[in-house]
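> Here is the input, now give the coordinates:
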Amino acid sequence: MAAAILSPHLDDAVLSCWHLLAGPADVTVINVFAGVPASAGADAWWDRLTGATDSRQRMHERVEEDRRALALAGRVPVNLDFLDHQYREAEQPLSPIVAQIEGLLAPGTHVYAPAALDDHADHALVRAAALELGQTGCPVSLYADLPHGTHHGWPAWVTGAVAPESTDLAGALWGRSLAKTGVAPELMSPLVHELDAAARARKLAAVRAYATQLQGLAQLAGRPLHDRETLRYEVLWRLPGAARSSLAHAQRRAVHRR
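Here you go, the predicted structure:
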């Protein structure tokens, strides 16, 4: 089955779905917020954090970094021109995002979208767009956003560690984020992919292509990117049709309230 990874930013697909990119399936990466701002900008907080002084130049750099990273998996991205949250002066409507993505999908394409574990506005919008598409019959899975979701480590159920639920901060935070979708937990059984040493090495090589982002990503992860545990796992949740419809309704309401 053809697959489309909806990547909010120019790096999310590689960071979170390497096992899909490196696999044999026909995979398209759609970078949603890949637009270049009209001006250099002075208030782009993430650009400042990562050392940029010109946001237009930085976006061109990031597009090239992403092209090189995905080439290591034999993939060529499709970049949409919606602006990253740090560049927007007004709320981003959901419907144009849905329309552009839908126009790129072949019938039956399996859509992978971020679970928005850290509630980032761009990730939440892309999740909502995927769930709108799910109502048209697209199979939809959510993926754990990395490294956003692992600032406090991995949930015990991902690693197989034995830990009391009351002390598993990462697990509690993931559960709280997923609860906001309105989908019953029993309908969101996770699928954990543990990358072996060779796969982790290939993924790390691709991640290192994002040279302008490495320092910021390590801060998000709360540990060095080359640490064995940082990129060891990837997690998916396949949503059944009924859950997709329910979640899409909830997400439309949430996005309109933003």
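> Which pLDDT value goes with Ala130?
Looking at Ala130, its pLDDT is 94.
> That one contacts Ala4, correct?
No - using C-beta atoms under 8 Å, Ala130 makes no contact with Ala4, being 9.1 Å away. C-beta: built from backbone N, CA, C; applies to glycine.
> Residues that sit against both of the two, list them.
Counting by C-beta atoms under 8 Å, 6 or more residues apart in numbering, the residues touching both Ala130 and Ala4 are Ile101, Val111, Tyr112.
> Return the subset of those lying in helices.
If you go by DSSP state H, the shared contacts of Ala130 and Ala4 have Ile101 in helices.
> Among the shared contacts of Ala130 and Ala4, which one lies nearest to Leu142?
Distances from Leu142 to those, taken as C-beta to C-beta, are shortest for Tyr112 (7.6 Å).
> bridging residues for the closest one?
Tyr112 has the following beta-bridge partners by DSSP bridges: Ile5, Ser141.
> Which residue ranges of the chain form strands?
Using DSSP state E, the strands assigned to the chain run over residues 3-7, 27-31, 78-79, 110-114, 140-143, 190-194, 233-239.
> quick one, which of these is nearest to Leu21?
Comparison of the strands of the chain against Leu21 by C-beta to C-beta identifies strand 27-31 as nearest, at 6.0 Å.
> Which residues does the closest one contact?
Outside strand 27-31, the residues touching it (C-beta under 8 Å, 6+ apart) are 2-10, 13, 20-21, 66, 70, 75, 77-80, 101, 104, 109.
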